[in-house]
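J.: coordinates only, no sequence provided:
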């Protein structure tokens, strides 16, 4: 038996899908311009920024596909539908951030050993174009990035790329006016380190959701203690709590009752549990197995 507090998110998904699509086309244009500019100017920072922009395009496409999939209805073969598509997209995108960062570090070290003169004017103008394009994309996704891992992964790709372009611009100015050619490699390293820092946190959080770990903000001990304050409840055991996606946290548990209560009495108690758990812990899907005098393991966590 369970209870669900659901809301209509179709408008948000449509808006997010449109914003993602706009960002995809913007980043394709930026990537093409930076690749050409990086080859012509000889700037590794510009080429690395182009590589990151290309990863943005891939991540945005993945996010857009996931955003479309989550709207598909559940079926007999897919009882949860595609509700985890956005979490999977976030995990993939976070992983690509770190992979790109490692590649940038390798290239930066190689270029640092052999610094080259760079056409700084082209670097400056292309970095300005990238800042404006990515800045607009960041604004499009910022509103919903805090509430959705998928959008946050796309947002982080764009934000880090915008900051990378700012670093490239600074490097271009330093090369133009002071001929500090090694700054190109230093900035590439700085961009890479920043990517690792930003990507790791998102990778870790999306991994926890995919592995069905208990959400960090949820205390199993407190939930069990609260349910056991209900008079008819003797014991709460065999507890599982997991996050399905950004909007749903599920709880299932076995409850041992003090007396052999009727089904109607259980429904009244279940309603109390649902209201308590939803309002205090924001858990919106609950499945309780009632028991009386059953000989099974009574530990809170039971290894299945």
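T.: That came through fine. Remember, predicted model here, so these are calculated numbers, not experimental data. Numbering: from 1, shown residues only.
J.: only C-alpha atoms for contact and neighbour calcs from this point on.
T.: OK.
J.: where exactly do the helices run in the chain?
T.: Counting by DSSP state H, the segments of the chain that form helices are 10-41, 44-69, 85-113, 120-145, 149-178, 183-210, 220-227, 263-281.
J.: between those, which gets nearest to residue 245?
T.: Checking those against residue 245 by Cα to Cα gives helix 85-113 as the closest, at 6.6 Å.
J.: so how far is that closest one from its chain's centroid?
T.: On the basis of Cα atoms, centre = their mean, to the nearest Å, helix 85-113 sits 15 Å off its chain's mean C-alpha point.
J.: what about it, average pLDDT?
T.: Mean per-residue pLDDT for helix 85-113: 85.
J.: go on, stretch 164-183?
T.: For stretch 164-183, the mean pLDDT works out to 82.
J.: same deal with stretch 18-36?
T.: Across stretch 18-36, pLDDT averages out at 90.
J.: just how off-centre is that stretch within its chain?
T.: On Cα atoms, centre = their mean, the centre of stretch 18-36 falls 21 Å from that of its chain.
J.: related to what we said a few turns ago, any chance of the helices of the chain in CSV, with mean neighbour count and distance to residue 289 too?
T.: Formatted as CSV, the helices of the chain follow (neighbours: other Cα atoms under 10 Å; distance: least, Cα to Cα, whole Å):
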stretch, mean neighbour count, distance to residue 289
helix 10-41, 18, 33
helix 44-69, 24, 32
helix 85-113, 21, 29
helix 120-145, 19, 36
helix 149-178, 24, 32
helix 183-210, 20, 24
helix 220-227, 15, 13
helix 263-281, 14, 10
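J.: is it possible to export those helices to a markdown table including distance to residue 290?
T.: As requested, the helices of the chain are exported to a markdown table (distance: least, Cα to Cα, whole Å):
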| stretch | distance to residue 290 |
| --- | --- |
| helix 10-41 | 36 |
| helix 44-69 | 35 |
| helix 85-113 | 32 |
| helix 120-145 | 39 |
| helix 149-178 | 35 |
| helix 183-210 | 27 |
| helix 220-227 | 13 |
| helix 263-281 | 8 |
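J.: among those helices, which comes closest to residue 299?
T.: Of all the helices of the chain, it is helix 220-227 that lies closest to residue 299, at 11.0 Å by Cα to Cα.
J.: need the contact list for residue 30.
T.: Neighbouring residues of residue 30 by Cα atoms under 8 Å, 6 or more residues apart in numbering: 50, 53, 129-130, 133.
J.: swap the cut-off to 7 Å and go again
T.: By Cα atoms under 7 Å, 6 or more residues apart in numbering, the contact set of residue 30 is residue 130.
J.: any idea how far it is from residue 38?
T.: Computed as Cα to Cα, to the nearest Å, the residue 30 to residue 38 distance reads 12 Å.
J.: cool, residue 123 as well?
T.: The gap separating residue 123 from residue 38 is 7 Å, by Cα to Cα.
J.: identify the contacts common to the two.
T.: Joint contacts of residue 123 and residue 38 (Cα under 7 Å, 6+ apart) are residue 46.
J.: buried ones in stretch 68-76?
T.: Within stretch 68-76, the residues that count as buried by 16 or more other Cα atoms under 10 Å are 68-70.
J.: any residues touching that stretch, and which ones?
T.: 80-83, 85.
J.: buried ones among those?
T.: Among those, the ones that count as buried by 16+ other Cα under 10 Å are 81-83, 85.
J.: once you drop chain neighbours, what's closest to residue 149?
T.: Sequence neighbours aside, residue 90 is the residue nearest to residue 149 in space, at 5.8 Å (criterion: Cα to Cα, 6 or more residues apart in numbering).
J.: can I assume the one you found is in contact with residue 156?
T.: No - between residue 90 and residue 156 there is no contact under Cα atoms under 7 Å: 10.3 Å.
J.: report the two of the buried ones among the contacts of stretch 68-76 separated the most.
T.: 81 and 85 (9.1 Å).
J.: so what's residue 19 up against?
T.: Contact analysis of residue 19 by Cα under 7 Å, 6+ apart lists 140-141.
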